[in-house]
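[1] missing the sequence, but the structure's below:
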Ligand SMILES: Cc1ncc(C[n+]2csc(CCOP(=O)(O)OP(=O)(O)O)c2C)c(N)n1
Ligand SMILES: [Mg+2]
């Protein structure tokens, strides 16, 4: 490794390090899910934890998501701090009641008497042709129901800090990691997601978006893997004299409206780049927030949204490529807005 | 014991050969363009590259369950299946060319390339499957309910892994099928693993067939990975279902020779396990039976093997030669 101050980690390693440090600090923290122990998580988010903490604290579960995700809520209500993995977000359907009606609502329905320090981790995203049931993002769906904090890191530094923040939170946190930025050895990824990660424990607060690139001409609001596609587009556009400000939302709930509004007030143009479905979701929400503040913001052109245009993710490579917004789509859209 | 006719046995043998060759050929095709990955330095493999990207779950070793079951099915009978669907799709009579083309994402595929290998639909042969564990069982109940309402003697078979038997949909579907006396045959392919999690680690009882009693239907366990035993047990269940006597649960102990998906390092497998399993290859078992009972001559065997190889070869050639769908199709077929 050499100088540990410059140490770089993949996002997968950063996530599991965050979990490990919290497990060391607090014996109430434990991890469960399908293939999280021996396998270390299909996407490596729990790699190495079994060897360090043993099978009592790192538990492989049967394929019974309603039971074990509901069990996480139940254990959290008793003061444990479970981290529970839903292997792919696409599988939410078999356990949605436990998430949507219980994990998300029991605190409120108890008048704030119940605490639910549970972290539900899950893999999102396409780009490797895993088709309609294994490629969705769906964070917008979960952000829609009140009562779940929604965390969507784009890089290793944020991933570790937000994992530690999530475990320490007394509220349920859904933590979405995109497969194409985990730094896996078996899936091409955006290397910008592998970053310096301090060895010591630290937190990244929720509700603070990050301006990952400053610019004057247009505000590009994005998150997760799409941050990296956006940065590529912004770099290309820069050479054509278009200055793009890229905002990484980092968390959807809570949402940092101020950073978005301040940026759009400066650039007077807004584009949202998202890998979730277009209609009734994240991109519409961001646009609505800006629309609600047009008394203090001038827009010089209509807003644009890039997202999956309301079709399931197709398998066939050329179709998948067309369904999911790519860097070139972002680039072309912004050029159109500047014309 | 229900015995197949010689013709049926020969059919089963040929189907097993086709399935095995289809799956083992795919092992190599799948690696094309992925290894060494040109797309990014430092990777061991890139799942998103090559002519067949995405996950790939193969069923080599599990052929007896598919052929022993499908030997009883007619075109009008329905199958709902899993993420590991090639073996029973082929045995059900789904076009192997259209299957291969779908796996290649081509427009000539079963779903015009939209579905991919876990999501195969063939209306004509009444076949469907899903990548969501446990998803096939409720829909099987629906297909059986439809047959009943239409007054047909059609049966529905739903395949699922032993891992899926811990999913809520399994338990709900068994109750529904028994309650409504539906012509469904629940076939659990117990290959001992759900990815890295063994059945011992996931299931509190030894035999899923025992769970049938809790829902009021017969449950039978087939302990050897033997096509003739599967044939016999499923035959009885299909007869019951056709006669309006209701659902059955059958658990077939079988073997997964390959990784959960291709690219699986299988660190969880005891060393030498696969080699041991392969010593009891069910294809050899049926072959030996055919030869010993004078049902298959050497010439006969060669002819069957050649035909099976040619079938698989032609399917993959068809898939490669086919076109990708035009990107203008991407927004089509969300609705009909
Ligand atoms: C609802 C749901 N949970 C988890 C998964 C991920 N997954 C895919 S295959 C698999 C193991 C399935 O095991 P089993 O049912 O025994 O079938 P096998 O793979 O052995 O054929 C898992 C956990 C999924 N696809 N759907
Ligand atoms: Mg299994």
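    In hand now; what should we look at? Being a predicted model, the structure only gives us computed values, none of them experimental. Ligands and ions are numbered 1, 2, ... in the order given.

[2] neighbours around the residue lying closest to residue A:249 once chain neighbours are set aside, how many?
    Nearest non-adjacent residue to residue A:249, counting by Cβ to Cβ, 6 or more residues apart in numbering or on different chains: residue A:223, 4.3 Å away. The way it works is simple: take the backbone N, C-alpha and C, and place the C-beta from them, glycine included. Residues lying near residue A:223 (other Cβ atoms under 10 Å in any protein chain shown) number 29.

[3] and for residue B:215?
    Neighbours of residue B:215 (other Cβ under 10 Å): 20.

[4] what's near enough to touch it?
    B:171, B:174-175, B:177-178, B:249 (Cβ atoms under 8 Å, 6 or more residues apart in numbering or on different chains).

[5] for chain B, just list every one of the helices.
    Under the criterion DSSP state H, chain B carries helices at the ranges B:6-31, B:63-70, B:86-92, B:96-103, B:136-150, B:168-179, B:199-202, B:227-242, B:273-279, B:282-292, B:298-321.

[6] closest to chain A out of these?
    helix B:199-202 (4.0 Å; Cβ to the nearest Cβ).

[7] what about the strands in the stretch 51-200 of chain A?
    A:58-60, A:81-88, A:119-124, A:149-151, A:173-178, A:195-196 (DSSP state E, counting those that start in this stretch).

[8] around chain A, which positions in the stretch 51-200 of chain B sit nearby?
    B:53-55, B:102, B:105-106, B:109, B:111-119, B:130-134, B:163-164, B:166-169, B:194-197 (Cβ under 8 Å from any Cβ of the partner chain).

[9] dihedrals phi and psi, the residue sitting furthest away from the middle of chain B?
    Here chain B reaches farthest from its C-alpha mean at residue B:41, the gap being 36.2 Å by Cα atoms, centre = their mean. When read as degrees, to the nearest 10, the backbone of residue B:41 gives phi -70, psi 150.

[10] do the one 5 residues further on as well
    Dihedral angles phi and psi of residue B:46 (degrees, to the nearest 10) take the values phi -130, psi 110.

[11] separation between the residue in chain B that ligand 1 sits nearest to and residue B:135?
    Ranked by Cβ to the nearest ligand atom, the top residue of chain B for proximity to ligand 1 is residue B:161, at 2.2 Å. Separation of residue B:161 from residue B:135 (Cβ to Cβ, to the nearest Å): 12 Å.

[12] element containing the residue nearest to residue A:47 when sequence neighbours are not counted, please.
    For residue A:47, ignoring the flanking residues on the chain, the nearest one in space by Cβ to Cβ, 6+ apart is residue A:40 at 3.7 Å. Applying DSSP states H and E as the criterion places residue A:40 outside every helix and strand.

[13] wait, isn't residue A:40 in contact with residue A:46?
    Yes. When contacts are counted by Cβ atoms under 8 Å, residue A:40 is listed as touching residue A:46 (5.5 Å).

[14] list the residues that contact both of the two?
    residue A:16.

[15] between the two, tell me which one has more neighbours.
    residue A:46 (26 against 21).

[16] quick one: contacts for the more buried one?
    A:16, A:19, A:31, A:33, A:36-37, A:40, A:58, A:85.

[17] gap between it and ligand 2?
    21 Å (Cβ to the ion, to the nearest Å).

[18] checking my notes, that residue in a strand, right?
    No. Residue A:46: not assigned to a strand; according to DSSP: H, G, I helix; E, B strand; the rest coil it is coil.

[19] ok, and the closest non-adjacent residue to it?
    In space, residue A:46 is closest to residue A:36, 4.3 Å off (Cβ to Cβ, 6+ apart).

[20] output the helices of chain B in JSON lines, with distance to residue A:128 and mean neighbour count appended to each entry.
    Listed next are those as JSON lines, based on distance: least, Cβ to Cβ, whole Å; neighbours: other Cβ atoms under 10 Å in any protein chain shown:
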{"stretch": "helix B:6-31", "distance to residue A:128": "13", "mean neighbour count": "20"}
{"stretch": "helix B:63-70", "distance to residue A:128": "28", "mean neighbour count": "29"}
{"stretch": "helix B:86-92", "distance to residue A:128": "20", "mean neighbour count": "27"}
{"stretch": "helix B:96-103", "distance to residue A:128": "15", "mean neighbour count": "25"}
{"stretch": "helix B:136-150", "distance to residue A:128": "24", "mean neighbour count": "20"}
{"stretch": "helix B:168-179", "distance to residue A:128": "27", "mean neighbour count": "20"}
{"stretch": "helix B:199-202", "distance to residue A:128": "27", "mean neighbour count": "16"}
{"stretch": "helix B:227-242", "distance to residue A:128": "35", "mean neighbour count": "22"}
{"stretch": "helix B:273-279", "distance to residue A:128": "27", "mean neighbour count": "12"}
{"stretch": "helix B:282-292", "distance to residue A:128": "33", "mean neighbour count": "17"}
{"stretch": "helix B:298-321", "distance to residue A:128": "20", "mean neighbour count": "15"}
